[in-house]
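>>> here's my sequence, what's the structure:
(2 chains)
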Amino acid sequence: MTENPRQHPNLKIFDADDGYIVYHRETDRVHFLNHTAVLLLELCDGNHSVPEMVELLVKGYGLDKPPEKEVMDVINNFEQEGLITSS
Amino acid sequence: MIVTNCERLYCRLNDLKVCAEQERPFSGDVLIEVPKTNGRYVIVEGDETLISSADAEWVTLYVNEMVNFRLSHQMKDYVKIHAACGSVDGKRFLLVGEKGAGKTTLITRLLFDGIAVHGDERVLVRGAEVIPIPRRFHLKEGTIPLVPELDSICKSLTSYPGYGVRTYYFAPSDAGVDWQIRWGNVDSIFYLLPNHGGETRAEICPRWQMAQNLMLRSSDFDANPEGQMTDLFSLISKSDSFVIHIGELDGAVKAIRERLN
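Numbers count the residues shown, from 1 in each chain, chains lettered A, B, ... in the order given. Prediction:
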């Protein structure tokens, strides 16, 4: 994914305080996101590239090493499940 | 209503009767007639003769399933969670888990520990409230050694084939305890993971994970999935969520009491 990802418009998101439950109306599938996955989904607003998301996680969590692979895996997963589209 | 001219069958059907003080979220008329003629029971609903058998035990279970089927049709728009239900000092809890996790054994053990128990199998969800689906508890033979108080009670009950073993249809009233089936909010949800033979331990479960656990143990989302999910997650958001790795029962009882106080 080279462009800034954006949440699919047809998601119903339930806030579970410590995570999200996301119902995709078109695929009729339910996804359960922990708080890190929630943060990444929230950053999929069309304004952030994947490298920018990595940088924000490093700053936000005080990480020594940028979690590039981990973030890419999550974003790829989101894309596979249709939770995001390219903006 | 079930009508029969056979006293033996009548007594057997009473083995399955729900004798609880209950709110009735649904009502409807079902008339099943089971006349015994020439040594055979003939099951008739309306104008239709369904089946006949000489086996009173088999007929009892068949009629019971028919009634449950008619009831489940009325409940089809409600999400159902595979959960036992009880309450301590007015605080309601659910015990959720897959088949064999120990829900019925644990809820029965809790009954003899002085805790109010309402159901052992499934609850209906309406908004953030639940009500157990009224039915007697299905006690497998293997539960009796784990809850010794059941031994003398089950001697006065008739067992039936079920789940590959003999099963007793037990009601809290068989133990001299009030049985109430009502709508109510849920204060705590305990997800049971079997650790039979091992130590019991309890831990907090993140709500998003409890949502996943509950959805896997729930059914009937077809009617209105988004609205039904809203109800289910509203219930979870208003409850405390725990996982209990259930080994010895005393530990599980203690863990539940501690977290409800």
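>>> isn't residue A:27 right up against residue A:81?
Yes. Residue A:27 is within contact range of residue A:81, at 7.3 Å (criterion: C-beta atoms under 8 Å). Placement of C-beta: from N, CA and C, glycine included.
>>> shaky segments in the chain?
Looking at chain A here, since you left the chain open. For chain A, applying pLDDT under 70 flags the ranges A:1-2, A:87.
>>> tell me how many other residues crowd whatever residue of it ends up closest to chain B.
Using C-beta to the nearest C-beta, the single residue of chain A nearest to chain B is residue A:19, 2.7 Å away. Per other C-beta atoms under 10 Å in any protein chain shown, the neighbour tally for residue A:19 reads 22.
>>> ok, it to residue B:90 distance?
Per C-beta to C-beta, to the nearest Å, residue A:19 is found 29 Å from residue B:90.
>>> same thing with residue A:54?
Residue A:54 is 49 Å from residue B:90, by C-beta to C-beta.
>>> re earlier: in contact with the residue of chain A closest to chain B, which residues?
For residue A:19, the contacting residues are A:32-35, A:37-38, B:206-209, B:211, by C-beta atoms under 8 Å, 6 or more residues apart in numbering or on different chains.
>>> show me where the chain has helices.
In the absence of a named chain, this looks at chain A. A:35-43, A:50-61, A:68-80 (DSSP state H).
>>> correction: the question concerned chain B.
Per DSSP H, chain B carries helices over the ranges B:7-15, B:56-74, B:103-111, B:150-155, B:207-216, B:225-237, B:249-260.
>>> off-centre distance for the shortest one?
Same thing as helix B:150-155. 19 Å (C-alpha atoms, centre = their mean, to the nearest Å).
>>> if we can go back for a sec, what's the separation between the residue of chain A closest to chain B and residue B:114?
Look at residue A:19 and residue B:114: by C-beta to C-beta, they are 36 Å apart.
>>> does chain B have contacts with stretch A:75-87?
No. Stretch A:75-87 is not in contact with chain B by C-beta under 8 Å from any C-beta of the partner chain; minimum separation 14.8 Å.
>>> now that stretch: buried residues?
A:75, A:78-79, A:83-85 (16 or more other C-beta atoms under 10 Å in any protein chain shown).
>>> now, which of those sits nearest residue B:121?
residue A:83 (34.9 Å; C-beta to C-beta).
>>> surely that closest one is in contact with residue A:22?
Yes. Counting by C-beta under 8 Å, residue A:83 touches residue A:22, with 6.4 Å between them.
>>> what residues do those two have in common as contacts?
Taking C-beta under 8 Å, 6+ apart as the contact rule, residue A:83 and residue A:22 both touch A:11, A:31, A:41.
>>> residue A:73: how many residues sit nearby?
Each residue near residue A:73 was counted by other C-beta under 10 Å, and the total is 11.
>>> who's sitting farthest from the centroid in chain A?
Distance from the centre of chain A peaks at residue A:64, with 21.3 Å (C-alpha atoms, centre = their mean).
>>> residue contacts, the residue in chain B that chain A sits nearest to?
For chain B and chain A, the shortest gap (C-beta to the nearest C-beta) falls at residue B:208, measuring 2.7 Å. Counting by C-beta under 8 Å, 6+ apart, residue B:208 touches A:16, A:18-21, A:32-34.
>>> returning to what we had before: residue A:54 and residue B:90: which is more packed in?
Set residue A:54 next to residue B:90 and count neighbours by other C-beta under 10 Å: residue A:54 wins out with 21 against 9.
>>> let me see the contact set for the closest residue to residue B:100 other than its chain neighbours.
Among residues not flanking residue B:100 along the chain, residue B:194 sits closest, at 6.7 Å (C-beta to C-beta, 6 or more residues apart in numbering or on different chains). Neighbouring residues of residue B:194 by C-beta under 8 Å, 6+ apart: B:97, B:100-102, B:245-246.
>>> again, but for residue B:135
Contacts of residue B:135 (C-beta under 8 Å, 6+ apart): B:18, B:68, B:119, B:121.
>>> cool, and residue A:48?
Residue A:48 makes contact with A:4-5, A:56 under the criterion C-beta under 8 Å, 6+ apart.
>>> that one and residue B:160: what is the separation?
61 Å.
>>> repeat for residue B:233
Distance, residue B:233 to residue B:160, by C-beta to C-beta: 38 Å.
>>> residue B:31 now?
Distance from residue B:31 to residue B:160, by C-beta to C-beta: 24 Å.
>>> of those two, who's got more company?
residue B:160 (18 against 10).
>>> pLDDT value on that one, please?
pLDDT recorded at residue B:160 is 90.
>>> what sits against it?
Contacts for residue B:160 (C-beta under 8 Å, 6+ apart) come out as B:15, B:57, B:60-61, B:166-169.
>>> in ChimeraX, how would I select the buried members of these?
Selection of buried members from the contacts of residue B:160 for ChimeraX, criterion 16+ other C-beta under 10 Å:
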select /B:15,60,61,167,168,169
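>>> low-confidence ranges in chain B?
Judged by pLDDT under 70, no stretch of chain B qualifies at all.
>>> ok, the lengthiest strand in it: who's next to it in the sheet?
In chain B, with assignment by DSSP state E, the single longest strand is strand B:80-88. Next to strand B:80-88 in the sheet, as set by DSSP bridges, lie strand B:91-96 (antiparallel), strand B:116-119 (antiparallel), strand B:122-126 (antiparallel), strand B:218-219 (antiparallel).
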